[in-house]
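# Got a sequence here, can you build the structure:
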Amino acid sequence: MILPKIMGILNVTPDSFSDGGQFDSVASACSQVEAFLASGVDIIDVGGESTRPFAEPVTEEEELTRVIPAIRSIRGRYSIPISIDTTKAEVARQALAAGADIINDISALRKDPKMLALVQETSVPIIIMHMQGTPGDMQVKPHYENVINDIKVFFGERLAWLKENGVDLRRITLDPGIGFGKSLDHNLSILKHLAEFKELGCPLLLGHSRKRFIGDITGLDVENRDLPTAVVSALACSSGVDIIRVHNVTATCHALQMVDAIWKAN
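Okay, the predicted model is just below:
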């Protein structure tokens, strides 16, 4: 079995739910990237707009001011793949010009009508996520008939739409959106049935790091959730997850090393 790649979260924001303000300067961002690289990261995911529950949106100008200097600096020093976490086409466009390699759109290309044209003009990988509602209202009584089936239907519709618009589906990675318009039970069901999303034929990304459902179960504050995050990362390997998006790369890397050792044992 092949271990998933580890995507390190680099929030160059003042208000992200876990690490807001820690890496909002170029120097601190590059220092974090160095730490990620030393720990074995495979991809750096740069985001300039918080998507925590009830977060306020930021302007395009503000988001560009946050992410472009960080991406330029990282690309000037390192060759590691960089993804831009944005729903704005112009932010994605300038990020790619600055050295980013992947577009990670939590709105699944629904928020900005111009995003499709950018995707059609480029050949970079695209990550699309399922979210019920918006960050401003997604945690207000989320409801599904069947959370797994509903998300699979959503992805099926998005993939059909992309194909109709000439996008090669081999570019697409799916993210079921842990914590984005989901209750505790919804999140646990997604984790239990992750393998079902692989039936759609695309790589799968899991973004569960430090999220509220972990605190709901363990009682741990955000800054103390890396151990259970790593446990979930390890368990998810058996479901065929291709990318694991986390804040603490070291903890998840160690968890995957244990998984790998067990897989290879006689």
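# Can you pull out the low-pLDDT segments for the stretch 101-250 of the chain?
134-140 (pLDDT under 70).
# how about the strands in it?
With strands called from DSSP state E, counting those that start in this stretch, the stretch 101-250 of the chain shows them at 102-105, 126-129, 172-175, 205-206, 243-246.
# quick check: longest strand of the protein.
If you go by DSSP state E, the chain has its longest strand at strand 5-11.
# give the contact list for residue 179.
If you count contacts by CB atoms under 8 Å, 6 or more residues apart in numbering, residue 179 has them with 53, 187, 207, 208, 211, 212, 213. Every residue, glycine included, has its C-beta placed from N, CA and C.
# Kindly recompute the last result at 7 Å.
Going by CB atoms under 7 Å, 6 or more residues apart in numbering, residue 179 touches 187, 211, 212, 213.
# and the two most separated of these?
Largest separation among the contacts of residue 179 by CB to CB: 187 and 212, giving 8.7 Å.
# more neighbours, the two?
Neighbour comparison, residue 187 and residue 212: the larger count goes to residue 187, with 24 against 18 (by other CB atoms under 10 Å).
# Tell me the spacing between that one and residue 176.
9 Å (CB to CB, to the nearest Å).
# next one: residue 214
Using CB to CB, residue 214 is found at 16 Å from residue 176.
# ok, now residue 130?
5 Å.
# So for the two, which sits in the more crowded spot?
Neighbours were counted for residue 130 and for residue 176 using other CB under 10 Å; residue 176 has more, 28 against 23.
# Mind giving me the packing neighbours of the longest strand of the chain?
helix 26-39, strand 43-47, strand 243-246, helix 249-264 (3 or more CB pairs under 7 Å, 6 or more residues apart in numbering; DSSP states H and E).
# Measure how the second one sits relative to strand 5-11, angle-wise.
If I follow you right, that is strand 43-47. Orientation of strand 43-47 against strand 5-11 (axes from the mean of the first three to the mean of the last three CA atoms, to 10 degrees) gives an angle of 30 degrees.
# ok, strand 43-47: who's next to it in the sheet?
strand 5-11 (parallel), strand 82-85 (parallel) (DSSP bridges).
# got the CA coordinates for the first one in CSV?
Only the C-alpha atoms of strand 5-11 are listed here, as CSV (Å, rounded to 0.1, in the frame of the first residue of the first chain):
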residue,chain,number,x,y,z
LYS,A,5,1.3,12.5,1.1
ILE,A,6,1.3,15.0,3.9
MET,A,7,0.1,18.6,3.2
GLY,A,8,1.3,21.1,5.8
ILE,A,9,-1.2,23.9,6.6
LEU,A,10,0.4,27.4,6.4
ASN,A,11,-2.2,30.0,7.4
